[in-house]
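Chemist: here is a sequence together with a model predicted from it:
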Amino acid sequence: MSDRPNNQAESKNIYQILFLDIETVPAYVDYEAMPEVFQQLWRDKSRKYSSEGLPPEELYFQKAGIHAEFGKIVCISAGYFPDPKLGVHAENSFRITSFASDNEAELLLKFKSLLDKAFSDSRKNALCAHNGIEFDFPYISRRMMINGIELPNLLNTSGTKSWNNPWLIDTMQMWSFGDFKDRTSLALLSACFGIPSSKDDISGKDVAKVYYYDKDLNRIRIYCEKDVINLARIFRRFSSLPPFADEDIIIL
């Protein structure tokens, strides 16, 4: 078998792709709030950031949210293009729904329900995210397992290679063209394509502060939805499809 990844968008109908983004935060408001066993484990984990010269207590709020073992998901936004041939929606219509909650298990169960009902067949359906292969997809799977939730079909990929899961599409990898020495952010790729930035209010580094100190989950939801819109616009560029306008967006 070749070690070369498959063309991630190969044979996938855009009307059967779910575009998604997640927002994550540390599982606790600060280092001291963690159970003692996790404090010790975080001290071990935070050694990878030793070059930043900060103590584990400060690194926790900055870095813990990107690790599924020390963080949690507070929002998943997902969007799709309804097939206009069904006669229900206009061409290029893009529908977005968000699952945002302080209760992570409740949020994950609702997202799982969406996948089980409408995006469960890996032969037809696909999930798409920017840096999804290394972050969004495994993070959701790990948090589902930690919360005791059975994995939906498209995320049940433990122990497999990414190129054996062609239903998981990653626009960061699509943009790499085989060059994995550098990572291109969604914001930079949007700028390259002339797409307005989704970081016009907050960015990823602000999410934990907005969640714990500002207690503004709705602001995080709006930010997450903007990322999904840009993700879908970038994918359409990769697929040589016409752009969609802001008025084509329906937020449920």
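Modeler: Received it, and whenever you're ready, just let me know what you need. Residues are numbered from 1 along each chain as shown.

Chemist: export stretch 151-159 to PDB, keeping only CA atoms.
Modeler: The C-alpha coordinates for stretch 151-159 follow below in PDB (Å, rounded to 0.1, in the frame of the first residue of the first chain):
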ATOM      1  CA  LEU A 151     -18.200   7.500  18.700                       C
ATOM      2  CA  PRO A 152     -20.200   8.200  15.500                       C
ATOM      3  CA  ASN A 153     -19.100   6.300  12.500                       C
ATOM      4  CA  LEU A 154     -17.100   9.000  10.800                       C
ATOM      5  CA  LEU A 155     -15.000   9.700  13.900                       C
ATOM      6  CA  ASN A 156     -14.400   6.100  14.900                       C
ATOM      7  CA  THR A 157     -10.800   6.000  13.400                       C
ATOM      8  CA  SER A 158      -8.600   5.000  16.400                       C
ATOM      9  CA  GLY A 159      -5.400   3.300  15.300                       C
END
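
Chemist: list the contacts of it.
Modeler: 112, 115-116, 119-122, 125-127, 137, 140-141, 144-145, 165, 167-168 (C-beta atoms under 8 Å, 6 or more residues apart in numbering). The way it works is simple: take the backbone N, C-alpha and C, and place the C-beta from them, glycine included.

Chemist: what residues of that stretch count as buried?
Modeler: Buried positions in stretch 151-159, judged by neighbour count with 16 or more other C-beta atoms under 10 Å: 151, 152, 154, 155, 157.

Chemist: looking at it, residue 70 is touching residue 27, isn't it?
Modeler: Yes - if you go by C-beta atoms under 8 Å, residue 70 and residue 27 touch, sitting 6.0 Å apart.

Chemist: overlap in contacts of those two?
Modeler: residue 64.

Chemist: ok so, going back, of the contacts of stretch 151-159, buried ones?
Modeler: For the contacts of stretch 151-159, buried by 16+ other C-beta under 10 Å: 112, 115, 119, 122, 125-127, 137, 140-141, 144, 165, 167-168.

Chemist: who are the contact partners of residue 244?
Modeler: Shown in contact with residue 244 (C-beta under 8 Å, 6+ apart): 81, 92, 93, 94, 232, 233, 236.

Chemist: name the helices or strands packed onto the biggest helix by length in the chain?
Modeler: The longest helix of the chain (DSSP state H) is helix 217-238. With contacts taken as 3 or more C-beta pairs under 8 Å, 6 or more residues apart in numbering; DSSP states H and E, helix 217-238 sits against strand 17-26, strand 71-80, strand 94-100, strand 126-129, helix 171-176, helix 186-192, helix 207-212.

Chemist: quick one: distance of the second one to the chain centre.
Modeler: For strand 71-80, the distance from its own C-alpha centre to the chain's C-alpha centre is 6 Å (C-alpha atoms, centre = their mean, to the nearest Å).

Chemist: partner strands of that strand, with direction?
Modeler: strand 17-26 (antiparallel), strand 94-100 (antiparallel) (DSSP bridges).

Chemist: turn the helices and strands packed on helix 217-238 into CSV, columns for distance to residue 247.
Modeler: Compiled in CSV, the helices and strands packed on helix 217-238 are given as follows (distance: least, C-beta to C-beta, whole Å):
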stretch, distance to residue 247
strand 17-26, 18
strand 71-80, 15
strand 94-100, 10
strand 126-129, 23
helix 171-176, 24
helix 186-192, 19
helix 207-212, 28
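
Chemist: with distance to residue 41 and mean pLDDT added, can I get these in CSV?
Modeler: Below are these laid out as CSV (distance: least, C-beta to C-beta, whole Å; pLDDT from 0 to 100):
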stretch, distance to residue 41, mean pLDDT
strand 17-26, 13, 98
strand 71-80, 13, 98
strand 94-100, 28, 97
strand 126-129, 27, 98
helix 171-176, 29, 94
helix 186-192, 30, 95
helix 207-212, 19, 97
